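Chemist: Sequence isn't available, so here's the structure alone:
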């Protein structure tokens, strides 16, 4: 429902922040990673995820898109709820979590409060391949800045669920057939016909 909230930071503590935007103060739960990234900023842009339960609507906030993507991967695993996901992001850095899952570093994952042997194994089993596909070395965490039309088209296709290698081939074919002056939309349309 919400993608991000941009506004004045009116309150900050390690567990949550209050961001005022459009005359409304949003109570947003954050990780320690986001807390330390905020520094002394008076304004902030926080990427959010809304958790809807029968008795509560809770906002979780992240300093960047990559941390939110990792959080959503974590909570997709059975037995890992939003509070456990936030605890994981507060215990070790998002890059360390990603590397630990990709490398199946169970002892590191188990050091996080609330994560036992079975949860650690489930995290590795369910997320290892997904995180490998998105790339290691923090590429999931550092959301890519797309500088070229080709990179933007590739990013769009991977977000639509296509694997990176076939998407790259389809885009290269689109460039070969349509030339270098294609817009992002044209490139994606041509590539989709080849996928």
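Modeler: Cool, got the structure. If you're wondering where the values come from, they're calculated on a predicted model, not measured in any experiment.
Chemist: Assign residue 174 to helix, strand or coil.
Modeler: helix (DSSP: H, G, I helix; E, B strand; the rest coil).
Chemist: report the longest helix in the chain, please.
Modeler: helix 117-134 (DSSP state H).
Chemist: who's in contact with that one?
Modeler: 69, 73-74, 76-80, 98, 101-102, 104, 106, 109-110, 115, 140, 163-164 (Cβ atoms under 8 Å, 6 or more residues apart in numbering). For the C-beta atoms, the positions are set from N, CA and C on the backbone; glycine is no exception.
Chemist: try stretch 70-87
Modeler: Contacts for stretch 70-87 (Cβ under 8 Å, 6+ apart): 29-31, 49, 51, 58, 60, 62, 88-89, 94, 97-98, 112-115, 118-119, 122-123, 126-127, 130-131, 140-141.
Chemist: thinking again about what came up before, for the longest helix of the chain, buried residues please.
Modeler: 119, 120, 122, 123, 124, 126, 127, 131, 134 (16 or more other Cβ atoms under 10 Å).
Chemist: got the phi/psi numbers for residue 77?
Modeler: phi -80, psi 130 (degrees, to the nearest 10).
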